[in-house]
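Participant: Predicted model, plus sequence, below.
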Amino acid sequence: MTPYQIFEIASMAVLVAILVFDLLIVVKRPHVPSMKEATGWVVLYVALALVFAGVLFISGEPVKAGEFVTGWLLEYSLSIDNLFVFIIILSRFAVPKEMQQRVLMIGILIAIVLRGIFILVGVQIIESFSWVFYIFGAYLVYVAWQQAFGHDDDDAGEKDNFFVRMLKKRFNFTDTWNGGKIRLTSNGVTYLTPFLMVIIALGTTDLLFAIDSIPAIFSVTTDPFLVFACNIFALMGLRQLYFLLGGLLDRLVYLHYGIAAILGFIGVKLVFHAMEVNELPFLNGGEPIAWVPHIETWHSLVVILASMVIATVASLIRIRVVGAKTGDTSLHIGPSEAELGADGHYHIVDAMGTTFYRPLRVQHNEAGTLTVVDAEGKEAPVADFSADVVREAAREDMAEEDLEELRRRIREGREFDERDDRNI
């Protein structure tokens, strides 16, 4: 086994371990990340990518290290489009704030798996048919034109895609989130909740964007391991970047021009590469075309960085110019919901000001009264809270069947306190 193969296995093991750890945090502690937390995770994933490149470099693979950095920045830049679609999908499915991290994490994991399959298929096609670079290149140039001057690609998140439409035809669905569970049973009928729908929408919609980004990265490297690693590192920090940037995304109005410039350049590079290794018999007699300029990896790196920096700076200048007229010069960085606590949790407080983290549930106890139990297992009598706040939180956080059981017990007089809990 070569040192590079050992590195492949070791790095994949580390990446999987980090993803599992990240997933466990999201599942066990649902919350909206604070600015500090989101920034920390983004910095961590960027640092991991740089460490990955550094290890490649010092282990005697400087060319692969350069290809990885270029490919990673390329995928990261193109993944910005995903963030706009994330906003639309989460809004369209009315994802509860506490559940947004969980659905984004699972949706991204689905996207990673689907992209892995896509990469393996793409590598096989490229190895068998070098002329496919002509098609990839022409397609990316077309996408670049559409990105800059065509319709808004955000439409991709406004309509149900094929997979979601297929599920809706075959299963019963409910608008109730049921505390983040996939299924809900009511009156003997089983329904699928929006939780399943939104993670499928996120994962499969990302695959549509991969149709652009995977061919693009093949212009940098055709090593399947590097291509997959670039995609993982680009997607891993995407969830935290969504919360970190917050409302800033909508204000970076020239960003799509930067992405279009990158796609156009990569498209031309792919066509040039196809001409360099030309095998089409009707073009130059099936021989490589010698006069085609060769574009190095560092050329791509410069174009990617310059395009994103220029587009971002131009957008920030426009924000200042417009802000001078409207008085709104805020960048709107971070979660846009003002009711977030400093720790990133949505919560309610009792009469003593103690914080109870959501999602929460209301349950009966042996004394025949009602108790609030928060996401961390903390308990307190219902009487310690504002009745309206508890009712609203319970209706949003608890499964419908659990609420029905609670109401039934209250109607029978099994649980009550000095206040009117019968309206919960």
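Facilitator: In hand now; what should we look at?
Participant: Next, the buried residues of stretch 59-69.
Facilitator: Residues of stretch 59-69 classed as buried by neighbour count (16 or more other CB atoms under 10 Å): Glu61, Lys64, Ala65, Gly66, Glu67, Phe68, Val69. Quick note: C-beta positions are derived from backbone N, CA and C, even for glycine.
Participant: Just those: which are in helices?
Facilitator: In helices, judged by DSSP state H, the following of the buried residues of stretch 59-69 are found: Lys64, Ala65, Gly66, Glu67, Phe68, Val69.
Participant: Quickly name whichever of those residues is closest to Glu8.
Facilitator: Ranked by distance to Glu8 (CB to CB), these are led by Lys64 at 10.8 Å.
Participant: And the pLDDT for the closest residue to the closest one other than its chain neighbours?
Facilitator: What sits nearest to Lys64 in space, not counting adjacent residues and going by CB to CB, 6 or more residues apart in numbering, is Leu56, at 5.3 Å. What the model reports as pLDDT for Leu56 is 92.
Participant: what does Thr354 give?
Facilitator: For Thr354, the predicted pLDDT is 69.
Participant: buried sites along the helix or strand containing Leu109?
Facilitator: Counting by DSSP states H and E, the element that carries Leu109 is helix 100-128. Buried residues in helix 100-128, counting neighbours by 16+ other CB under 10 Å, are found at 100-112, 115, 118-119, 122-123, 126.
Participant: isn't His294 right next to Phe272, touching?
Facilitator: Yes. His294 sits in contact with Phe272 when judged by CB atoms under 8 Å, with a separation of 7.4 Å.
Participant: If you count surrounding residues, which of those two has more?
Facilitator: Just comparing His294 and Phe272: by other CB atoms under 10 Å the higher neighbour count belongs to Phe272, 17 against 9.
Participant: Just say helix, strand or coil for that one.
Facilitator: Three-state call for Phe272 (DSSP: H, G, I helix; E, B strand; the rest coil): helix.
Participant: one step back: among the buried residues of stretch 59-69, which one has the lowest pLDDT?
Facilitator: Within the buried residues of stretch 59-69, Glu61 has the lowest pLDDT, namely 88.
Participant: I'd guessed that residue sits against Gln5; true?
Facilitator: No. Between Glu61 and Gln5 there is no contact under CB under 8 Å: 11.8 Å.
Participant: confidence score at Ile317?
Facilitator: So, for Ile317, pLDDT stands at 90.
Participant: Now do the helices in the stretch 251-400 of the chain.
Facilitator: Counting by DSSP state H, counting those that start in this stretch, the stretch 251-400 of the chain has helices at residues 255-276, 297-326, 387-397, 400-411.
Participant: Deepest in the core, which of those helices is it.
Facilitator: Across the helices of the stretch 251-400 of the chain, averaging neighbours per residue (mean count of other CB atoms under 10 Å) puts helix 255-276 on top, at a mean of 22.
Participant: Near the residue nearest to Lys64, how many other residues are there?
Facilitator: Neighbours around Leu56, by other CB under 10 Å: 23.
Participant: Contacts only, for it.
Facilitator: Phe7, Pro62, Lys64, Ala65, Phe68 (CB atoms under 8 Å, 6 or more residues apart in numbering).
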